[in-house]
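Colleague: how would this look folded up:
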Amino acid sequence: MSQSQPMTHTFELSWVAIDRVIAFALEEDLASGDLTTEVCIPGDTRALAHAVARAPLVACGGPVLARVFGRIDPDLVVETHVAEGARVDAGRRLWTVRGRARAILMGERVALNFVQRMCAVATRAREYVDAVPTGAATRITDTRKTTPGLRAVERYAVRVGGAHNHRDNLGSAVLIKDNHVTACGGVRQAIHRARAGAPHTTKIECEVETLDQLEEALAAGADIVLLDNMPTALVAAAVQRARGRALVETSGGILVERVAELARAGVDAISVGALTHSVAAADVALDFE
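Modeller: Next comes the predicted model:
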């Protein structure tokens with residue numbers, strides 16, 4: 001993976017949510033102090049440490065790493081060497097921390113836990129985004145299949161990787177899934193109830209599994225249809241039927257190898273739970289000088 005410039009996006013962090021999870025992570029790791037550091041490292045020892053990519057990745061999480069170290073010692077200085085979203089090769093320095101050695105050691109594991117997860121999500125998201133053919137308008141989006149407590153950082157990492165966020169929580173949009181359809185007695189009934197009860201500013205999305213359900217959803221006035229686990233040929237047929245009537249999203253265990261064919265079929269969005277639910281931590285280490 002060669003080094004490149006970051007995706008041209010503005011990346012905003014929800015610090016209210018992220019500060020809560022940072023506080024919890026530090027309490028979890030430092031509730032009893034850091035015995036090893038306290039007995040081995042004199043309090044006045046100064047240190048310089050570099051966060052280094054051990055494998056190719058998309059850089060993500062520098063502001064969170066700085067926030068972690070700042071919570072432990074506001075006098076620690078964090079220097080950023082690469083922009084959020086930059087693609088880097090193994091061996092690249094990402095961030096440098098300087099200041100009291102004790103403080104750096106106390107925050108090392110928590111800071112790395114965050115950035116290893118965030119780099120992994122951003123890297124996976126970039127893989128999917130890169131698989132969309134040039135000129136296609138298809139969006140790659142995440143899902144709510146996030147690590148409990150880490151949604152804010154994982155969804156930020158999705159954006160840094162160049163993908164988009166789906167609804168943030170259950171109250172942010174209407175998405176009628178298969179169990180809603182069953183409980184309501186059908187697609188049409190579910191959509192009519194949603195339209196009657198939701199605010200007038202809310203779009204209605206409905207999951208469908210067959211072309212018959214698709215027609216029912218379109219006739220009932222769905223704004224977006226979610227094609228669940230459909231083969232590509234069926235997706236293409238659904239796109240043709242929905243064109244000009246509703247946006248089309250597809251989901252259901254979609255591997256990166258399928259992205260190009262689905263985009264060429266004309267879907268507006270591909271939602272991928274794997275962006276967040278099953279990534280392995282990126283290999284980032286903190287090396288002391």
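Colleague: measure Ser87 to Asn165 for me?
Modeller: If you look again at residue 87, you'll see it is Arg, not Ser. Using Cβ to Cβ, to the nearest Å, we find Arg87 at a distance of 21 Å from Asn165. Every C-beta, even on glycine, is put in place using the N, C-alpha and C of the backbone.
Colleague: can you check Ala103 too?
Modeller: The gap separating Ala103 from Asn165 is 34 Å, by Cβ to Cβ.
Colleague: okay, those two: which has more neighbours?
Modeller: Neighbours were counted for Ala103 and for Asn165 using other Cβ atoms under 10 Å; Ala103 has more, 23 against 17.
Colleague: what helix or strand is that one on?
Modeller: According to DSSP states H and E, Ala103 maps onto helix 101-131.
Colleague: just the mean pLDDT for that helix, thanks.
Modeller: For helix 101-131, the mean per-residue pLDDT is 98.
Colleague: buried set for that helix?
Modeller: 101-108, 110-129, 131 (16 or more other Cβ atoms under 10 Å).
Colleague: for the helix or strand that that helix is followed by, name the packing helices and strands.
Modeller: The C-terminal neighbour of helix 101-131 among helices and strands, as given by DSSP H and E, is strand 139-141. In this structure, strand 139-141 packs against helix 101-131, strand 269-271, with contacts taken as 3 or more Cβ pairs under 8 Å, 6 or more residues apart in numbering; DSSP states H and E.
Colleague: could you dump the ones you listed to CSV with distance to Ala220?
Modeller: Output for the helices and strands packed on strand 139-141, formatted as CSV (distance: least, Cβ to Cβ, whole Å):
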stretch, distance to Ala220
helix 101-131, 31
strand 269-271, 20
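Colleague: how about low-confidence regions in the stretch 1-150 of the chain?
Modeller: For the stretch 1-150 of the chain, the stretches flagged by pLDDT under 70 are 1-10.
Colleague: quick one: the helices in the stretch 1-150 of the chain?
Modeller: Assigned by DSSP state H, counting those that start in this stretch, the helices in the stretch 1-150 of the chain fall at 15-30, 35-40, 62-72, 101-131.
Colleague: could I get the second one in PDB with only the CA atoms?
Modeller: In PDB, the C-alpha atoms belonging to helix 35-40 read as follows (Å, rounded to 0.1, in the frame of the first residue of the first chain):
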ATOM      1  CA  LEU A  35       2.100  -0.400  39.600                       C
ATOM      2  CA  THR A  36       4.800  -1.400  37.100                       C
ATOM      3  CA  THR A  37       5.400   2.200  36.000                       C
ATOM      4  CA  GLU A  38       5.200   3.600  39.500                       C
ATOM      5  CA  VAL A  39       7.900   1.300  40.900                       C
ATOM      6  CA  CYS A  40      10.200   1.300  37.800                       C
END
